[in-house]
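> sequence-free structure coming up:
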């Protein structure tokens, strides 16, 4: 998924790391001829790239970022009473991560492009929902599940 650069820091090896709007970090090394990112070598160059987008492979892998803070949880839903909106493509707001957890039964979790993945979640399993990722769920018979929301 494309994510905007919101800041930078250096890692323990003094390489530049871009901080992304999804709360993941990505190295932006300048190591020609394999990685040409001359803009990382000056403050003005880095500043010029703030707001530009990088592909976040961690979002594509549904990887949970560090240091998220719990915000709220939905009620527990079952196959008969969960909102119709969850069956249709929808997404979380910018900066908000979701975590869907199945308590009982089976639930299909479909992620649209660019992740383009379908997971069958069973009791005790959870899956991350990155900010802005269009997704939907389908119960596979009797099911109970809930969604939690996190941000920074």
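Arrived safely, thanks for sending. Note that the coordinates shown come from a computational prediction; the quantities given were computed from them, not determined experimentally.
> Contacts only, for residue 93.
Neighbour list for residue 93: 131, 132 [criterion: Cβ atoms under 8 Å, 6 or more residues apart in numbering]. Bear in mind the C-beta positions are built from the backbone N, C-alpha and C, glycine included.
> I should have written residue 20 there, sorry.
Here residue 20 is in contact with 3, 4, 5, 6, 26, 54, 56 (Cβ under 8 Å, 6+ apart).
> Now the longest helix anywhere in the chain: average pLDDT?
Using DSSP state H to define each element, the chain has its longest helix at helix 43-49. The pLDDT scores in helix 43-49 average 97.
> Buried residues of the very next helix or strand once past that helix, list them for me.
Tracing the chain C-terminally past helix 43-49 and defining elements by DSSP states H and E, one meets strand 53-55 next. Neighbour counts over strand 53-55 (16 or more other Cβ atoms under 10 Å) mark residue 54 as buried.
> what does stretch 143-152 give?
Buried-residue list, stretch 143-152, by 16+ other Cβ under 10 Å: 143, 144, 145, 146, 147, 148, 149, 150.
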